[in-house]
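J.: I would like to see how this sequence folds:
(chains A, B, C and D)
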Protein chains: 4
Amino acid sequence: MQLGLVGLGKMGFNMRERLREHGHEVIGYDPRPEVTDTPSLAGLAESLTAPRVVWVMVPSGQITRDTITGLGDVLEPGDLVIDGGNSRFTDDKPNAELLDAKGIGYIDAGVSGGVWGLKNGYGLMVGGDDEHVARAMPIFDALRPEGERADGFVHAGPVGAGHYSKMVHNGIEYGLMQAYAEGYEILEAEELVQDVQGVLRAWSKGTVVRSWLLDLLVEALGQDPEFSEISGYTEDSGEGRWTVEEAIRHAVPAPVISAALFARFASRQEDSPAMKAVSALRNQFGGHAVKKADADETLRAPAPKNTE
Amino acid sequence: MQLGLVGLGKMGFNMRERLREHGHEVIGYDPRPEVTDTPSLAGLAESLTAPRVVWVMVPSGQITRDTITGLGDVLEPGDLVIDGGNSRFTDDKPNAELLDAKGIGYIDAGVSGGVWGLKNGYGLMVGGDDEHVARAMPIFDALRPEGERADGFVHAGPVGAGHYSKMVHNGIEYGLMQAYAEGYEILEAEELVQDVQGVLRAWSKGTVVRSWLLDLLVEALGQDPEFSEISGYTEDSGEGRWTVEEAIRHAVPAPVISAALFARFASRQEDSPAMKAVSALRNQFGGHAVKKADADETLRAPAPKNTE
Amino acid sequence: MQLGLVGLGKMGFNMRERLREHGHEVIGYDPRPEVTDTPSLAGLAESLTAPRVVWVMVPSGQITRDTITGLGDVLEPGDLVIDGGNSRFTDDKPNAELLDAKGIGYIDAGVSGGVWGLKNGYGLMVGGDDEHVARAMPIFDALRPEGERADGFVHAGPVGAGHYSKMVHNGIEYGLMQAYAEGYEILEAEELVQDVQGVLRAWSKGTVVRSWLLDLLVEALGQDPEFSEISGYTEDSGEGRWTVEEAIRHAVPAPVISAALFARFASRQEDSPAMKAVSALRNQFGGHAVKKADADETLRAPAPKNTE
Amino acid sequence: MQLGLVGLGKMGFNMRERLREHGHEVIGYDPRPEVTDTPSLAGLAESLTAPRVVWVMVPSGQITRDTITGLGDVLEPGDLVIDGGNSRFTDDKPNAELLDAKGIGYIDAGVSGGVWGLKNGYGLMVGGDDEHVARAMPIFDALRPEGERADGFVHAGPVGAGHYSKMVHNGIEYGLMQAYAEGYEILEAEELVQDVQGVLRAWSKGTVVRSWLLDLLVEALGQDPEFSEISGYTEDSGEGRWTVEEAIRHAVPAPVISAALFARFASRQEDSPAMKAVSALRNQFGGHAVKKADADETLRAPAPKNTE
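T.: Sure thing, here's the model as predicted:
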């Protein structure tokens, strides 16, 4: 079928390619002339035959909102917009209402798979009306991995359910990555274990912890043993935060996902204000040695340390 | 080759079967007459041709120690013992020394795969001398999954390195399971998401969080939707505790693995002494409503609650 | 000076008493006839001499909003409203703007001290304009503890800063209570320690951990040794949640405060959906014994448990 | 009464002074000639009148063990040794047995109060036989704070109970400090709050979070606003680790104390191996920007980041 695709970044670009490989006609729009198929959103609307289906794949937040608004101006009643970006699920209802006022349908689609999706297909979680989902199903079937539809696609509920599911997916992902990372660090710290990369690789088949993330970790270690070329500074893209916020809203204990999120926050601090406070406190009550902010050496107390 | 196998529980029983399917001669010993191939450890030793290789697959701790001691009495110099149980790595050196004093070799082998290992093969992490590992390699090759040896087997280091690696494997496993579980609970709590099992299943292919544990979770939900037949009471088998203890010994932050361990502890408490203390404290300073231990209803305060 | 006081619950009632003891004229309004001094908000406004100062001490959220709106209707330009409830700091700017449009000033005041404030005084954190804060200072001075003003009162910043500071105060409080509670539970679990209450009491003076919360814990144990009369079921009043949300917004690691919050969530669950998932997973891969939801006894596996 | 005191570091030195102020005769021994009252342990024993009481105040571990052993050689049946250092409680039974074999009594004493103990008195938690504790009571009464004995002293149980209680005291202390520190960091991050030190100081009286540690934090900020002179690098002295290990042994959830411990571990890492692994993983699946270990700038991806 025919699809308009707004946003040809890392994800959108690959998705256009995969859809074309599956025989769909994709007209992509992106502000960057070197990748776009059409010069404007208006041009995109003109190029498509009504009723149109347009997939939005741009950064979440204001850019997505602006794109949805712009599509509301150039599309017609009966058209359908799919937001496939990493939008917060709370953006979906306003977006759907904005379009619904103009007779345009809306689906929110969580998309997982990263740069590997082009080859392996993308895991898809969508929210919206049955009729809209049915109309876009050929696109979903082309994007999702080969095999049974239910192994890579779900119609999770009404508008918002797709992004909600994707959000939780990413929250889990934070926890999984941190679990492997903690285990890796413990193995690295233990001198008995002389082949850490070999240990991780030996978990690839048969073990309880085998996973795609483990495979990637083995691959990464193969490229850069002991991660000497990489910093621990780790960004977060929002969905881990939202997952913890949802856990709080639903009064669900989420110690693992929040710990993984906080570890990322900590990784980005040159020095921790909180730990400065702890260090200052220890100094107050114990005359404990503290490390001066501008000193290379810890100033150590000369005498017994029974002062905590 | 020929192997003696002590312990024919869930794991040992299946391993005997898998080894025989791969053409090895296995003589199994277990105190339960209905499964054993030989009436005693001494009988086992007599049935095997020197130099013998004997795999021990019994519960960790005293039973393993007693079995190692017993084998020390019936085996001969040049024989080799492999402890494949979930022993703490600190048991390995004493076990190796006990046997070494009698000229008997020792390998520690971490084995992962659970009841699925019979079919899929077992992930193996071993510690010991090169010569010993080489001698037992046909056994390892039969037990490990098909494919490249390094994807399911590692010689991780000297005696102790195998169990150390398996311990960390299980620590990671705790974290992975808890991450999925937290995400599951958040999905269950959100009414937008109308098909939680469908969402989890849709992650099976293509997504970043795909894994064997996820497949099992989908399977479990298929058998018992909403887990109505199961209690949250969750045992721990020791390795999660040891992993956190190792993290502490090496000063490695392990917030995720420890959170997963503590969640298991909490799952086994009828009521939490700590939370009783918190509840009592709130009552002290705020006249906050507290729930009586023997009451069905929370006694609520009638007036504004601005008292914390 | 003269003060109108809306809300005569546990906190407001005591504050009226303390203010009167300090020589202030307080006219209190509460919908409950048995405590109110005036039949209505309008009556309250009439009873006060302009320029009026009215302190609002009602539950946070909609009730506070409605009260502010109601005061906007009956007060006059030049009057001043102080919200002393546990409002979320994000409510303060809208409240201030609503009143400012009518020429009425606004201060947000965080109040700590619980039922003990009547006797000991209340810790106060306020936000607002210098002029407004100066006008209400006689009230603040009467409410705060004896001694230096700065030990029990702070003008923390513009509107919102008072409730923000109180929110963080309560977040810290969660962490402090949980720290004592964990320690209490460990002491209770250790048979060497034969006098847990005595240990806690011995920390009352001289030690690093001495605090008012510790005193309360000792008091509570004196009233109910081993907390046999109390359930661990623990409410949370919102500010712990907001503190973690603020930590997330500012990318501040808050593992302790969030752990304390999650422990409260967990205390309120009959059974944990997450732990059911973990338990189901263990059963899937290991044939581990699981506890049936409706069984008193754990069904234990008969054979070695090396299956994780 | 007369007391021998081994170890005149920060703690022992002050304790000698406080005991002398209370009229006790103290003969101190320390290897440093400038502080010692006697040239050797043997000299100490000779200077004291039997039955002797000797207080050991040296670093825990081997030094304490060696000192106990040395005292065993120079003391006589009927004498009494008190270990007041921060020994692990598991050291107490061996120490008691070593001395008991020579007819010498043993008490373990946890001592809290740091450098302030000289003036304020020390919180004391002791373990041992009633008869031994009674004999040393004049010393305990001089060291503990003024006021009721039970507010600063406890005979917690048999040998080991004193150090166990002190260990938990310190574990709690870790949690308390971290709770304040997290709150401090959140306040610092929020621009509404313009006087962070003022906020903390305003909690000194009347509030729920008032404590001695809070007073110290206010004091520390007064000396070094924003902690510009101090590093977040924070040591741990062992007891936090032991407390978490005990929590694990007793299957007590201890998320707050362990989080506080792990925060200290993390504070001492230049870069986190675990977070390197997480960062490497993100790069693998998402083409996410990663920060090079040797780069000042994060290399950012130019295109939409919907790739997690």
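J.: check what pLDDT A:S237 gets.
T.: What the model reports as pLDDT for A:S237 is 86.
J.: ok, how many other residues are close to it?
T.: A:S237 has 18 neighbours, counted by other Cβ atoms under 10 Å in any protein chain shown. (Each C-beta comes from the backbone N, C-alpha and C, glycine too.)
J.: one more: A:G147?
T.: For A:G147, using other Cβ under 10 Å, the count is 12.
J.: and the nearest residue to it once chain neighbours are set aside, what does it touch?
T.: Excluding the flanking residues, the one nearest A:G147 by Cβ to Cβ, 6 or more residues apart in numbering or on different chains is B:K205, at 6.1 Å. Going by Cβ atoms under 8 Å, 6 or more residues apart in numbering or on different chains, B:K205 touches A:120-121, A:123, A:144-147, A:151-152.
J.: got it, and A:V133?
T.: By Cβ under 8 Å, 6+ apart, A:V133 lies in contact with A:107, A:126, A:140, A:155.
J.: most neighbours of all those, which one?
T.: Counting neighbours by other Cβ under 10 Å, A:V126 leads the contacts of A:V133 with 28 neighbours.
J.: how far away is that residue from chain C?
T.: Applying Cβ to the nearest Cβ, to the nearest Å, the value for A:V126 to chain C is 24 Å.
J.: please name every helix or strand in contact with the helix or strand harbouring A:A263.
T.: Here A:A263, judged by DSSP states H and E, is contained in helix A:255-267. Counting contacts by 3 or more Cβ pairs under 8 Å, 6 or more residues apart in numbering or on different chains; DSSP states H and E, helix A:255-267 is packed against helix A:161-189, helix A:239-249, helix B:161-189, helix B:255-267, helix C:255-267, helix D:255-267, helix D:273-286.
J.: so how far is that helix from its chain's centroid?
T.: Relative to its chain's centre, helix A:255-267 lies at 15 Å (Cα atoms, centre = their mean, to the nearest Å).
J.: send me that helix as PDB with only the CA atoms.
T.: The C-alpha atoms that make up helix A:255-267 are tabulated as PDB, following Å, rounded to 0.1, in the frame of the first residue of the first chain:
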ATOM      1  CA  PRO A 255      13.400  -0.600  42.700                       C
ATOM      2  CA  VAL A 256      15.300  -2.200  39.800                       C
ATOM      3  CA  ILE A 257      14.200   0.100  37.000                       C
ATOM      4  CA  SER A 258      14.700   3.200  39.200                       C
ATOM      5  CA  ALA A 259      18.200   2.000  40.300                       C
ATOM      6  CA  ALA A 260      19.100   1.600  36.600                       C
ATOM      7  CA  LEU A 261      17.800   5.100  35.900                       C
ATOM      8  CA  PHE A 262      19.700   6.600  38.900                       C
ATOM      9  CA  ALA A 263      22.900   4.900  37.800                       C
ATOM     10  CA  ARG A 264      22.600   6.800  34.500                       C
ATOM     11  CA  PHE A 265      22.100  10.000  36.300                       C
ATOM     12  CA  ALA A 266      25.100   9.400  38.500                       C
ATOM     13  CA  SER A 267      27.200   8.400  35.500                       C
END
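J.: stretch A:6-14 near chain B at all?
T.: No. Stretch A:6-14 is not in contact with chain B by Cβ under 8 Å from any Cβ of the partner chain; minimum separation 12.5 Å.
J.: does that stretch come close to chain D?
T.: Yes. Contact of stretch A:6-14 with chain D (Cβ under 8 Å from any Cβ) involves A:7, A:9-13.
J.: what about that stretch, how long is it end to end?
T.: Stretch A:6-14 has an end-to-end distance of 13 Å (Cα to Cα, to the nearest Å).
J.: the stretch 51-200 of chain A: helices as residue ranges?
T.: Applying DSSP state H, counting those that start in this stretch to the stretch 51-200 of chain A gives helices spanning A:62-74, A:92-100, A:117-120, A:130-143, A:161-189, A:196-202.
J.: let me know which of those helices is tucked in deepest.
T.: With neighbours defined as mean count of other Cβ atoms under 10 Å in any protein chain shown, the helices of the stretch 51-200 of chain A peak in mean count at helix A:161-189, which reaches a mean of 29.
J.: any idea how far stretch A:169-178 is from the middle of the chain?
T.: Chain-centre distance of stretch A:169-178: 10 Å, with Cα atoms, centre = their mean.
J.: show me what counts as buried in stretch A:112-125.
T.: Within stretch A:112-125, the residues that count as buried by 16 or more other Cβ atoms under 10 Å in any protein chain shown are A:112-118, A:120-125.
J.: in CSV: these, plus pLDDT.
T.: Output for these, formatted as CSV (pLDDT from 0 to 100):
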residue, pLDDT
A:S112, 94
A:G113, 88
A:G114, 84
A:V115, 85
A:W116, 89
A:G117, 93
A:L118, 94
A:N120, 93
A:G121, 97
A:Y122, 97
A:G123, 97
A:L124, 98
A:M125, 98
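J.: which of those sits closest to chain D?
T.: Closest approach between those and chain D, by Cβ to the nearest Cβ: A:G114, at 4.0 Å.
J.: pretty sure that closest one sits against D:N283.
T.: No. Counting by Cβ atoms under 8 Å, A:G114 does not reach D:N283; the two are 10.0 Å apart.
J.: let me know the closest of the contacts of A:V133 to A:I248.
T.: Comparing the contacts of A:V133 against A:I248 with Cβ to Cβ places A:V126 closest, at 25.8 Å.
J.: who's in contact with that closest one?
T.: Going by Cβ under 8 Å, 6+ apart, A:V126 touches A:82, A:107-110, A:133, A:136, A:140, A:153-156, A:161-162.
J.: run the chain-centre distance for the longest strand seen in chain A.
T.: The longest strand of chain A (DSSP state E) is strand A:105-112. Strand A:105-112 sits 14 Å away from the centroid of its parent chain (Cα atoms, centre = their mean).
J.: per-residue pLDDT, A:S165?
T.: Taking A:S165 on its own, its pLDDT is 98.
J.: domains in chain A, as residue ranges please.
T.: A:1-156, A:165-266 (the TED database).
J.: OK, now which residue of the stretch 1-150 of chain A is nearest to chain C?
T.: Going by Cβ to the nearest Cβ, chain C is nearest to A:R88 of the stretch 1-150 of chain A, at 13.0 Å.
J.: for the stretch 101-250 of chain A, which spans come out with low pLDDT?
T.: By pLDDT under 70, the stretch 101-250 of chain A has no low-scoring segment.
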